[in-house]
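Chemist: I'd like to go over a predicted model; first the sequence, then the structure.
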Amino acid sequence: ATRITGRIVDDKSQQPLTNAVIFDGTNSALTNSQGLFEIAREGVGEIKLQVTKQGYEGKTIPVTIKEPSSLNPVGNVALLSRPDSIQLVFDCSKRPLNLENVDAIKKIEPFAKALFDQQFAVRAVITPTLSSLEQTDVLIIASPSQSYSETELRSIQSFVLKGGKLVVLGEWAGFAGFNLTATNQLLNPFGLQLSGDTLRETQTGFLSIQSFVPHPITENLKLIQLYQSGSVQVSNPAFKGELLARTNATSFHIASIGAYAVLATSLYGNGKVVVLGDTSLWLDEDSDKNGVVNYQEGNNFQLALQIM
């Protein structure tokens, strides 16, 4: 196979950019902590690499591959930082947690305010998703209880393909009206899936996640506190899906005990998809009654920042 390598950096500082996506029209790759990437492909000829990262202007790089099985370095590629904030949209149009639209917005408002304080532009929408994607960098869908139309599904798929980031939060065993079928219909093109199961620790009924796979999303995380969760799976490895966090080996899964994934990500075109098995971790609730609201427990909020 032919290999294309390079390094993505910030235009002003020349510092490496981690977690940028490079897409050659068929294959996607992610930069590491040094900003380095490699794409393997077949054939020769002219191709275009599309480079995207939230908060930066995208860039297209022409590459001429003259020989098969060759190494084709493109060197440093600088991305220009955008002057505006990263645009986050919470989609509340499908009755998240089985709540009326306005009540759903109230549920996520404190968490959204905390993200706003970190220089994100945040808004919630209660109209169909199609009208909110034009100026969106990250679309967050939390535990929908209603289905998306075929038109909406295609629109979301196109949004990710062009460089958008989709974050989907599930729930355990249909809790609060969670529509597993509708959510997996949404996730299927991206090679990820949620399960309609229940994960919890036998002693507390909650989940303390301390097992992480190295990835920009999980960097420096020590503890994610979940409040029961569904497991997540990679359904199609073609999209480079990764399971990033697992329960401990003694967690309870319906009638079995073991380590199960609760966090996963995949690449699709120039975009990314992230799936979590629990919605409650980012709510302004104190599910375990310890005096700390859920989104401030452990590294829950740090995880949110690193996902966004």
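Modeler: On my side now, so go ahead. Residues are numbered from 1 along each chain as shown.

Chemist: what's near enough to touch the nearest residue to Gly298 once chain neighbours are set aside?
Modeler: Distance criterion C-beta to C-beta, 6 or more residues apart in numbering; nearest residue to Gly298, sequence neighbours excluded, is Leu223 at 3.6 Å. (Each C-beta comes from the backbone N, C-alpha and C, glycine too.) By C-beta atoms under 8 Å, 6 or more residues apart in numbering, the contact set of Leu223 is 208-210, 298-299.

Chemist: where does the stretch 1-150 of the chain have low pLDDT?
Modeler: 129, 131 (pLDDT under 70).

Chemist: Do you have the strands of it handy? List them.
Modeler: Using DSSP state E, counting those that start in this stretch, the strands of the stretch 1-150 of the chain run over 2-10, 21-23, 28-30, 36-41, 45-52, 59-65, 71-79, 87-91, 121-125, 138-142.

Chemist: Tell me the neighbouring strands of the last one, and mark each as parallel or antiparallel.
Modeler: Right, the one you point to is strand 138-142. When pairing is defined by DSSP bridges, strand 138-142 lines up against strand 87-91 (parallel), strand 165-169 (parallel).

Chemist: Okay, strands next: where are they in the stretch 201-308 of the chain?
Modeler: Using DSSP E, counting those that start in this stretch, strands in the stretch 201-308 of the chain cover 207-209, 211-212, 224-226, 232-234, 242-246, 251-253, 256-257, 261-268, 271-276.

Chemist: Lys289: neighbour count?
Modeler: Under the neighbour criterion other C-beta atoms under 10 Å, Lys289 is assigned a count of 7.

Chemist: what's the distance between it and Glu297?
Modeler: 12 Å (C-beta to C-beta, to the nearest Å).

Chemist: Could you do Asp10 as well?
Modeler: Asp10 sits 32 Å away from Glu297, going by C-beta to C-beta.

Chemist: more crowded one of these two?
Modeler: Glu297 (21 against 16).

Chemist: which non-adjacent residue is nearest that one?
Modeler: Gln225 (3.9 Å).

Chemist: So in terms of bridging, what pairs with that neighbour?
Modeler: Counting by DSSP bridges, Gln225 forms beta bridges with Ser208.

Chemist: per-residue confidence for it?
Modeler: Per-residue confidence (pLDDT) for Gln225: 93.
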